[in-house]
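> curious how this folds, go ahead:
(one chain, ligands or ions: 1)
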Amino acid sequence: MISEKMADALNSQINKEMYSAYLYMAMSAYSSNIGLNGFANWFMVQYQEEMVHAMKLYNYISDVGAPVELMEIEKPPQDFGTALDMFYATLEHEQFITRSINDLVDLAIEEKDHATHIFLQWYITEQIEEEGNDNEIIDKLKLAGEEGNGLFMIDKELAVRIFNPPAAVTDWTQVR
Ligand code: FEO
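Numbers count the residues shown, from 1 in each chain. Next comes the predicted model:
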């Protein structure tokens, strides 16, 4: 059992994760459009990861007997500028998500909601990885330059990223 306030906050987080998925889908489409197919792949994998983040929340809320409330998903931008601009925007968005997860943990602690506190640990670790990935790609883009061969090499590197689904991703109700 979790409080109504905690359930509301977790439901809002579903919306933020769904927006993240939508944002990265838009970045994938933009990347394809400007000929960066490796970037397009990387963002489409990121889209799938965000769907997992949303579904883990969805299933947790259901598991603890609270109502899932789905909200409207905001329209993402369509133009993201250069590859470096796009990764700065990605990092900025992930920093926003990290702050949001931290706020959820603060609320769980305030409410002595140990189950939710433990559940959120996965997201804390995940956010370290997400920000780390973005910082690494930003560093590479700065080193290699944003044009010609450098960008081509990074695009090739991002083309090999694959989605590693949780074991039960073929059944979204089982994603934990
Ligand atoms: Fe679900 Fe990228 O944070």
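
> helix, strand or coil for the residue in the chain that the ligand sits nearest to?
With Cβ to the nearest ligand atom as the measure, residue 53 is the residue of the chain nearest to the ligand, at 3.7 Å. Every residue, glycine included, has its C-beta placed from N, CA and C. For residue 53, the secondary-structure state derived from DSSP: H, G, I helix; E, B strand; the rest coil is helix.

> what sits against the closest residue to it other than its chain neighbours?
Nearest non-adjacent residue to residue 53, counting by Cβ to Cβ, 6 or more residues apart in numbering: residue 17, 4.3 Å away. By Cβ atoms under 8 Å, 6 or more residues apart in numbering, residue 17 lies in contact with 50-51, 53-54, 57, 97.

> go again with 10 Å.
49-58, 97, 100, 123 (Cβ atoms under 10 Å, 6 or more residues apart in numbering).

> now do residue 12
By Cβ under 10 Å, 6+ apart, the neighbours of residue 12 are 57, 69, 71, 100, 103-104.

> which positions in the chain make contact with the ligand?
17, 20, 50, 53, 94, 97, 130 (Cβ under 6 Å from any ligand atom).

> hmm, back to that, compare the contacts of residue 12 and tell me which is most surrounded.
residue 57 (25 neighbours; other Cβ atoms under 10 Å).

> in which helix or strand would I find that one?
helix 37-63 (DSSP states H and E).

> so which bits of that helix are buried?
38-61 (16 or more other Cβ atoms under 10 Å).

> same question, stretch 78-94
80, 83-84, 86-91, 93-94.

> widest-spaced pair of those?
83 and 94 (16.6 Å; Cβ to Cβ).

> for the residue most central in space within the chain, give me its contacts.
Nearest to the mean C-alpha position of the chain, by Cα atoms, centre = their mean, lies residue 50 at 4.1 Å. Neighbour list for residue 50: 16-25, 97, 130 [criterion: Cβ under 10 Å, 6+ apart].
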